[in-house]
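**Q** could you look at this predicted model? Sequence included:
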Amino acid sequence: MFTGIIEKLGQLETLAETRKDLWEITIGYDGGWNDLEIGESIAVNGACLTLTSFDAQSLSMQLSPETMLKTLFGAIQPNAGLNLERAMKLGGRLGGHLLQGHVEGFAEVLAVNDQKDCREITFGFSREHRPYMIEKGSVGLNGVSLTICDLANDSFKVALIPATLSATNLKSLSCGDKVHLETDMIAKYIESITKQSPQNN
């Protein structure tokens with residue numbers, strides 16, 4: 001589980017198919033994670049990946065065909081910024097909201113509007129995700145926990161404060177760019193339980 005509070009901004013070093021249907025991604029970062037363990041989960045742009053090797057300034061993970069199919073990793077250019085978050089510790093502060101690190105789809109930038117104290121970005125998204133989104137509710141974009149400040153049937157708006165812009169790769173977004181989308185986990189569980197309740201059988 002993750003919270004959507006980005007801890008570090010890494011850079012894509014390499015992404016290559018190491019053997020049939022298995023890719024490896026290597027990410028450079030500024031170090032400081034001194035208690036890393038092989039096999040732990042790290043969210044990379046909101047996608048939960050398993051750490052397979054590391055050194056003082058790089059992290060490596062393996063990607064399956066499913067991950068490559070459901071994410072934008074195949075289109076990311078070398079040296080591009082990547083949002084990084086380690087899995088949350090039980091009993092720690094939940095500064096953002098609950099994220100599983102499961103990319104459900106993509107949101108596309110429709111408009112970028114710089115305000116005096118923040119940057120407003122409007123995203124378009126597939127209507128299949130609309131039931132799990134509410135105004136003033138939470139959404140995960142490239143692994144960043146954000147609040148929906150305006151919501152329509154196929155678009156929504158978020159406001160990014162300077163701290164979020166400086167700490168994440170969302171600062172580089174422009175019209176036409178796509179990001180990983182994860183909607184609210186609690187809303188999906190409620191829908192699943194409701195569909196399986198006796199009165200609906």
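**A** Noted; the coordinates are in hand.
**Q** outside of stretch 65-79, which residues touch it?
**A** Residues outside stretch 65-79 that contact it (C-beta atoms under 8 Å, 6 or more residues apart in numbering): 11-15, 21, 23, 25, 45, 47, 49, 63, 82, 103, 106, 178-180. C-betas here are computed from N, CA, C, even on glycine.
**Q** of those, buried ones?
**A** 11-13, 15, 23, 25, 45, 47, 49, 63, 82, 103, 106, 178-180 (16 or more other C-beta atoms under 10 Å).
**Q** one step back: which ones among the contacts of stretch 65-79 map onto strands?
**A** With DSSP state E as the criterion, strands contain 11-15, 23, 25, 47, 49, 63, 82, 106, 178-180 from among the contacts of stretch 65-79.
**Q** tell me where this protein has strands.
**A** So, for the chain - with DSSP E - the strands run 8-19, 22-28, 41-44, 47-55, 58-63, 81-86, 105-114, 119-124, 138-141, 144-151, 155-160, 178-182.
**Q** tell me the most buried of the ones you listed?
**A** Among those, the stretch with the highest mean neighbour count (mean count of other C-beta atoms under 10 Å) is strand 138-141, at a mean of 26.
**Q** that one packs against which elements?
**A** Contact partners of strand 138-141 among helices and strands, from 3 or more C-beta pairs under 8 Å, 6 or more residues apart in numbering; DSSP states H and E: strand 144-151, strand 155-160, strand 178-182.
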